[in-house]
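*Asks:* Structure of the sequence below:
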Amino acid sequence: MNPNETKIILETMQCADGNDTYETLEYIGFYRFQNNMHILKYTETNEDNLTTDVRIKATPQKVTVIRKGAVNSTMIFKKDLTNKFMYNNMGMTLDMGLKTRDISISENAATIALKIDYSLVSGINILSQNAIKITIFK
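*Replies:* Next up is the predicted model:
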């Protein structure tokens, strides 16, 4: 890794219909702290070798995740708010919402941890309960 790169571990949890799904992914990306905001960039590659560039902007009050490439979406997490978004994936568009329960950012000498607890909703229906933990290594 060059000095501008950082190791990122992304852990996700989804509970839908009583089934819990966990996934842990590791990326090399770029991190900076600017204008009181944590900014993270990395690239995801899917099973078909198509890439999606991901940019995350985070404060304790709001997290924005912008994905462009094989998957295009903008997800906004704000505590106690439901944010609507359009999810575009391989030509299919879905009207969805994110109801954020909690956002936390903690930091120590070696890492920064960003945690988001949220529900995925469609209309008034809760489709799943979810959590994301992103660990950024300094």
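
*Asks:* how many neighbours does A16 have?
*Replies:* If you count neighbours by other C-beta atoms under 10 Å, A16 ends up with 13. Bear in mind the C-beta positions are built from the backbone N, C-alpha and C, glycine included.

*Asks:* ah, wrong one, I meant E47
*Replies:* Quick note: E47 (other C-beta under 10 Å) scores 5 neighbours.

*Asks:* And the pLDDT at it?
*Replies:* For E47, the model assigns a pLDDT of 91.

*Asks:* what's the answer for N89, then?
*Replies:* If you check N89, the pLDDT there is 70.

*Asks:* roughly how far apart are it and N72?
*Replies:* 8 Å (C-beta to C-beta, to the nearest Å).

*Asks:* Run through the strands of this protein in chain order.
*Replies:* With DSSP state E, the ranges of strands along the chain come out as 5-16, 19-34, 37-45, 51-58, 62-69, 71-78, 82-89, 92-107, 111-122, 125-137.

*Asks:* so what strands line up beside the fifth one?
*Replies:* Translated: strand 62-69. Within its sheet, strand 62-69 is paired with strand 51-58 (antiparallel), strand 71-78 (antiparallel), according to DSSP bridges.

*Asks:* between these, which gets nearest to A113?
*Replies:* For A113, the closest of the strands paired with strand 62-69 is strand 51-58, at 10.9 Å, according to C-beta to C-beta.

*Asks:* about what we covered before: looking at the strands paired with strand 62-69, which has the lowest confidence?
*Replies:* Mean pLDDT is lowest for strand 71-78 out of the strands paired with strand 62-69, coming in at a mean of 88.
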